[in-house]
Structures are given as structure tokens and as C-alpha cells.
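Student: What shape does this take:
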Amino acid sequence: MAKAIHSMVRVLDEGKSVDFYRSAFDLEIADRFEFDGFTLVYLKNDENDFEIELTVNHGQSEPYDHGSGYGHLAVSVDDVDAEHERLETLGLAPTPVKEFHREGTLMAKFFFVQDPDGYKIEVLQRHGRYT
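Tutor: As a prediction, this is how the structure comes out:
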């Protein structure tokens, strides 16, 4: 059976991106590999083995076009309201907290935040299928 291990995003500024993911989601550098023309930075935390792979293409100066296919990454937290307040205090401009209800029952409580390259990250309350 397949196991999801990482998701890759292309970033312009390695330092800004590492700082964002560290402060927003407690992700630290697990590995960093420099090659001719690009650098790969793998970020993770103790919560699980899934990693975010930052790809830094050397010489890239223009923002990447996310196109119409990219949606978002998602993380779950114990207290979405506290996390929202923390990210707001850090100046990361999270969107307002929203709730989805289905058949009268809370399905999801969440908000979004964007990294320095404009990638959206959904922050979900651990609940139901989002544990």
C-alpha cells in the first residue's frame, strides 16, 4: 500500500519560507540538499513523518504561477481558535475562522493562511475525519 511522504512547493526565498513554516507550523529542516541549479529543503515536525519539500530553483526571480490546479495543503490542530490567534499575533494574516455543517452536525472548523509564495494552507480543528 502507498504511503504519502511529502508534498513539494517551489519557493523564491528559502529563508523566508523556512521561517514561515517554522513559526506557523513548528516545522524544522529535516534534510537539505543542494544541487547544480536547485536546492531541496525537507521540513517536518515530531507530529508525523509527512514532510513539506521546498524546491528553490537557483536564479528564479519571478513569483511562480500557481495556475488553476493548485488548491491547498492542510494541517490539523487541537484548538483552531487559539492557533488562529497565535498566527494573527505573528502577523501572518489568517482568514476568519469558518465552520461547515452537514445535516446539522459540525463537519469542519477551519481557516486559511498563505506562505510567502502565496501557497494556501488550511488549518483545521482536529475533529471527525480531520484528526
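Student: Going by residue numbers, what spans are helices in the protein?
Tutor: In the chain, helices defined by DSSP state H lie at 14-25, 80-89, listed in chain order.
Student: Give me the average confidence score over the last one.
Tutor: Regarding helix 80-89, the rounded mean pLDDT is 98.
Student: buried stuff in it?
Tutor: 80, 83-84, 87 (16 or more other Cβ atoms under 10 Å). Glycine gets a C-beta too; all of them are placed from N, C-alpha and C.
Student: residues touching Val113, list them.
Tutor: The neighbours of Val113, taking Cβ atoms under 8 Å, 6 or more residues apart in numbering as the test, are 24, 87, 92-95, 120-121, 123.
Student: Compare those residues and tell me which is most surrounded.
Tutor: Val123 (23 neighbours; other Cβ atoms under 10 Å).
Student: Enumerate the beta-bridge partners assigned to it.
Tutor: Val75, Phe111 (DSSP bridges).
Student: Run through the residues that contact it.
Tutor: 74-77, 80, 83-84, 87, 94, 110-113.
Student: Show me which of the residues you listed is closest to Gln60.
Tutor: Val113 (23.1 Å; Cβ to Cβ).
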